[in-house]
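Enquirer: Okay, predicted coordinates and the sequence, questions at the end:
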Amino acid sequence: MPQEFPVAFEAVTKRYPPSRPGGAWREAVIEVGFRVEPGEIVGLLGPNRSGKTTLAKLLLSLCRPTSGRVTRLGRPASDRATLARVGYVPERAVFPGHLTATELLSYLAALSGVSRAVRRRRIPALLDRVGLLDRGREPISQFSKGMVQRLAIAQALANDPDLLVLDEPTEGMDLSGFVLLEEILVDASRAGKTAVLITHLPGLAERLCDRLAVLRSGRLVFLGSPTALRSRTDPGRSLGSALLDLDAGAA
Ligand SMILES: Nc1ncnc2c1ncn2[C@@H]1O[C@H](COP(=O)(O)OP(=O)(O)OP(=O)(O)O)[C@@H](O)[C@H]1O
């Protein structure tokens, strides 16, 4: 039986139409191709506007490729049924402030078809996991930025997803949030779940990711392990330096 890749991009190009009459089309992603294996954590890196969020949006069926093919959990991304098996941490997540964390998680889990019995077990466990158990009945409007980020991670896990897509999930988090995120992703990977992690933090990417996909101006300029990326520059230089070389088109 052919292997089911949780994520596959095949020669994917995405052009955005002009936002005003007479404006130019924008090429956000150009001929990108790579696959992610089950249980892998793949970091998506690159400078601002290099196309990382657009790749995440394509993977989540939030937009369609101009050309090429996107596959999610073994099915074309156009098959939205597989979205029920995906967890998404959006960049700068915002949730309705008048809901409590428990209400939000319960609502989102129900949308993914999680039964009431499972929700009653899973939601307190999730709140506990992200350090919000004692805050579950407070309106989200009272949460700090770091707490909202923890809630964003909890909501992505509410459907016990097979694939996690995280877009800069550490923004606004303190050190304990970082450590928590790392533990959650390592546990998810051990359980066979797959993760695509957009980050600007080379240290986090190096510690967590099996492979890195590095974009520059919409093109994939590196795909491989953090060690392989480091080995492209002088030994002893940091992964961040290797990434800067790639950004500059030098490596
Ligand atoms: N909805 C849109 N309409 C038009 N252009 C867009 C749209 N979304 C993104 N773009 C453009 O596509 C390019 C890639 O943007 P994208 O947000 O994917 O990059 P990114 O690597 O995630 O950036 P950042 O690190 O700043 O979040 C940019 O030039 C951006 O202006």
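Expert: Cool, the structure landed.

Enquirer: Could you list the residues of the stretch 1-150 of the chain in contact with the ligand?
Expert: Within the stretch 1-150 of the chain, the positions lying close to the ligand (C-beta under 6 Å from any ligand atom) are 16, 19, 26, 28, 46, 48, 49, 50, 51, 52, 53, 54. (Each C-beta comes from the backbone N, C-alpha and C, glycine too.)

Enquirer: what about the second one, neighbour count?
Expert: Other residues near residue 19 number 8, with proximity taken as other C-beta atoms under 10 Å.

Enquirer: and it, that's in a helix?
Expert: No - counting by DSSP: H, G, I helix; E, B strand; the rest coil, one finds residue 19 to be coil, located in no helix.

Enquirer: Show me the shaky parts of the stretch 101-250 of the chain.
Expert: Residues of the stretch 101-250 of the chain meeting the criterion pLDDT under 70: 235, 250.

Enquirer: just the strands in it please.
Expert: Using DSSP state E, counting those that start in this stretch, the strands of the stretch 101-250 of the chain run over residues 163-167, 194-198, 211-216, 219-224.

Enquirer: In its sheet, which strands sit next to the first one, and in what direction?
Expert: Each strand that pairs with strand 163-167, with its direction, by DSSP bridges: strand 86-89 (parallel), strand 194-198 (parallel).

Enquirer: now do the last one
Expert: Here strand 219-224 has these sheet partners by DSSP bridges: strand 211-216 (antiparallel).

Enquirer: How far away from the center of its chain is the partner strand?
Expert: 13 Å (C-alpha atoms, centre = their mean, to the nearest Å).

Enquirer: which of the residues of the stretch 1-150 of the chain next to the ligand lies closest to residue 151?
Expert: residue 53 (20.4 Å; C-beta to C-beta).

Enquirer: Buried among the residues of the stretch 1-150 of the chain next to the ligand? Need that as a selection in ChimeraX.
Expert: For the buried members of those, the matching ChimeraX selection, counting by 16 or more other C-beta atoms under 10 Å, is:
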select :28,46,50,51,52,53,54
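
Enquirer: Could you export the residues of the stretch 1-150 of the chain next to the ligand as TSV, including pLDDT?
Expert: Putting these into TSV (pLDDT from 0 to 100) gives the following:
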residue	pLDDT
16	95
19	88
26	93
28	97
46	94
48	93
49	94
50	95
51	97
52	97
53	96
54	97
